[in-house]
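Participant: fold the following for me, if possible:
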Amino acid sequence: MDLVGPAAGRREGILVADFNQDYSCIALGTQSGYSITNCEPLGQVHAKELGPTCLVSMLFSTSLVAVVVRSPAGSEKRLHILNTKRNSTICELTFPTDIRAVRMNRRRLVVVLATALYVYDISNMKLLHTIETGMNTTGLCVLASASDECYMAYAAHEAHDSHVVVYNLHTLAMVHVIPAHRSRVACLAFNAAGTILATASERGTVIRLFSVPSGRLLHQFRRGTYPARIFSMSFNVAGTILCVTSDSDTVHLFRVPTMTAPCDPHQALEQKKRRAWRSTSMAQALGPYLPSSVTEMWEPTRDFAWLKLPRPGLRAIAVVSNTLPVVLVLTYEGILYTYTLDLELGGECHLAQRMYHYDSHAEHALLPASSAPL
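Facilitator: Next comes the predicted model:
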């Protein structure tokens, strides 16, 4: 879910921005190093100058942090595993090509290269397995944060890049290949329990939810009618809301239906009618006379809440706070926005606060909060 690489609106000096697994902390990589900041209450807890830090990955709120520092020659092949409490290096690993992403939960650490995944036991950093993949320059790979449901998902080989591979990191075996979309998969997200996988294609119009590990399609959301590049998707910790950011200026929040054990077709149909009786009735009435691509337009559920960013193209990650009814939006400009969220009624979320987490003239600076209009 981290924001890496060139992006419109990025403030000079910021290389990567991300939340930890439970959204309690922000990790930021800059041209001079990295910093870690608590979200509630907002305050920096650690910072270190290492040089251009292009990847930062936290293990919840522990002292273990994985970073990749760009070498003077421009290489991003060396991974540093750090202990922030002791201010020490646990280990360093060098890979044959640049590291695209690092994913962690309490049992496994996965290093993502453009054509391979390296799976480690996080307790001793022993290499367990190497998985060859198709070309994956964006580092598309996600891990379930729950260690008891230790699943990983990544895009299949180029010939089937609309498919998603679900992999069991306990047994080190592939458990399912999901035909998720018609076009290339662009974004993935697990819920915290590791039982639901959200997928989006490069078109970015429809978000799909799949049961894990069965791969059964559970639900669909419609983000919009026009294509958009999805920047991030994130479930809240309870798994009841999915946040989606894109290159449009709207952040969408979808209410995740209660997922129960698979029911019979009649029960499934009744649940679908209750969720969206108008659209379902229309699709049922006209479905036999229309192409599937047309009837599919009525099926996905729209957002229940949304918020507006200052402008389109602003690269951002949005998450629902684990402790307050607010949406936290972290942008590549180094600004953390807080929007109020009505969990019952939904509707438009309104800006409550903005905090400059990073300032180009003072590395890792936290500037006063503001509730002034954008």
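
Participant: residues contacting Val166?
Facilitator: Listed by Cβ atoms under 8 Å, 6 or more residues apart in numbering, the contact set of Val166 reads Tyr151, Met152, Ala153, Met174, Val175, His176, Val177, Ile178, Leu197, Val212, Pro213, Gly215. For the C-beta atoms, the positions are set from N, CA and C on the backbone; glycine is no exception.

Participant: how close does the fourth one get to Val166?
Facilitator: Met174 is 7 Å from Val166, where distance means Cβ to Cβ, to the nearest Å.

Participant: so what's Leu253 bridging to?
Facilitator: Cys243, Ala305 (DSSP bridges).

Participant: for it, give its distance to Leu127.
Facilitator: Leu253 is 39 Å from Leu127, by Cβ to Cβ.

Participant: ok, the two, which is more surrounded?
Facilitator: Using other Cβ atoms under 10 Å as the criterion, Leu253 and Leu127 rank with Leu253 on top: 23 against 11.

Participant: check contacts around the more buried one.
Facilitator: By Cβ under 8 Å, 6+ apart, the contact set of Leu253 is 241-244, 303-307, 318, 320, 327, 341, 346, 349.

Participant: nearest to Thr205 among those residues?
Facilitator: Val244 (11.1 Å; Cβ to Cβ).

Participant: separation between that closest one and Val327?
Facilitator: Using Cβ to Cβ, one obtains 12 Å as the distance from Val244 to Val327.

Participant: what is in contact with those two at once?
Facilitator: Val251, Leu253, Ala318.

Participant: which SSE is the first one in?
Facilitator: Spelled out, it's Val251. Using DSSP states H and E, Val251 sits within strand 250-255.

Participant: what's the mean pLDDT across that strand?
Facilitator: Mean pLDDT, computed over strand 250-255, is 98.

Participant: and for stretch 138-153?
Facilitator: 93.

Participant: how far does that stretch sit from the chain's center?
Facilitator: Distance, stretch centre to chain centre, for stretch 138-153: 11 Å (Cα atoms, centre = their mean, to the nearest Å).

Participant: list the buried residues in it.
Facilitator: The neighbour-count check on stretch 138-153 (16 or more other Cβ atoms under 10 Å) flags 139-146, 149-153 as buried.

Participant: chain center to stretch 304-320, what's the gap?
Facilitator: 14 Å.
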